[in-house]
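S.K.: Whatever this is, show me its structure:
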Amino acid sequence: MRIDFLITVKTIVEKGSFALAAKAVNVTPSAVSMQVKTVEQYFEKALFNRAGQSVTPTPFARDLCNRVGPLLEEIERLRGGHQASVIGRLRLGTISIMQPIVLPPLFNRLKELAPQLEVSCTPGRSQDLIEAVKQGELDAAIVAEPATASRRQLHWQLLQEVPFSLITPKRTPAGNDKQGLEALPWIAYDRSTSLGKISRCLSLSLFGNRPPALELQSLEGVISMVASGYGAAVVILPDPRLKHYDIDITSLGANAPSLRFSLVSRKVEHNDRPINTIRNILKHHC
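M.R.: Coordinates of the predicted model:
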């Protein structure tokens, strides 16, 4: 029996899944099953109880990992620090609003800390990316955290919380003047997003329940239209560079709603080294 078979068993216990362990140790799922069978034959003990897709370690498997775990880690260090470098692939989802804020520092830091970690990015809307994480199609995603975010199977790491603000063309005498606001056309952001839904509710109350004059799928597009003098909008400004447009920004007060942007991943992969690497970089940056 080979030592790496024991490493595979230990990885299954930590991740709770044959498929996730296969990905972590970089072998096929069938190879994982073969290695488990070999270890079970060697000790003449069952290691896992299987029920559908779920895998539960037997008491013997947990005892085995507790006994040999420290030794396996020491062996890996003696082999030249294989465990010290983060390798593998990570599938990361990102909503468009956060891409210019998060991706440049993330990828530049990864070049220094984990040059062998291959990260692919998938764009999308928050609800689609969250579902992809749940289904295992993505390893993690940077999304707008919904108010009804599931805490049972998902781990949420807050990156940024941004309040909604009223933006108007520069030097337009609107501000908090109700009459002035009701005379201005207003621009909506994509109603299919969390940002768009909250923005629309706030806008309707501010602009006298009038429908928007325009709806755009780009936050920067909305801000550009306001800067051009076309109308006003209720938005968030997560990137400081967005405040440099020719606009006036008015706070909606201390009780204004805000939007949380978070890194979401599956709880079962809480100790996954590639995900933890991403998590630590974003924690430091944000």
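
S.K.: State whether residue 142 is indeed within a strand.
M.R.: Yes - under DSSP: H, G, I helix; E, B strand; the rest coil, residue 142 sits within a strand.

S.K.: I'd say it and residue 101 touch.
M.R.: No - the criterion here is Cβ atoms under 8 Å, and residue 142 misses it with residue 101 at 9.2 Å. (C-beta placed from N, C-alpha, C; glycine too.)

S.K.: Between those two, point out the one with more neighbours.
M.R.: The neighbour comparison of residue 142 against residue 101 (other Cβ atoms under 10 Å) goes to residue 142, with 28 against 21.

S.K.: partner residues bridging that one?
M.R.: residue 94, residue 263 (DSSP bridges).

S.K.: quick one: pLDDT of it?
M.R.: If you check residue 142, the pLDDT there is 97.

S.K.: and it, what is it in contact with?
M.R.: Taking Cβ atoms under 8 Å, 6 or more residues apart in numbering, we find residue 142 in contact with 92, 93, 94, 95, 98, 102, 159, 261, 262, 263, 264, 282.

S.K.: what's the answer for residue 86, then?
M.R.: 113, 114, 116, 117, 273, 274, 277.

S.K.: Over to residue 35?
M.R.: Residue 35 touches 4, 5, 8, 9, 27, counting by Cβ under 8 Å, 6+ apart.

S.K.: Repeat that for residue 103.
M.R.: For residue 103, the contacting residues are 94, 121, by Cβ under 8 Å, 6+ apart.

S.K.: can you do 7 Å?
M.R.: Taking Cβ atoms under 7 Å, 6 or more residues apart in numbering, we find residue 103 in contact with residue 94.

S.K.: mind checking which helix or strand it is in?
M.R.: In this assignment (DSSP states H and E), residue 103 forms part of helix 99-113.
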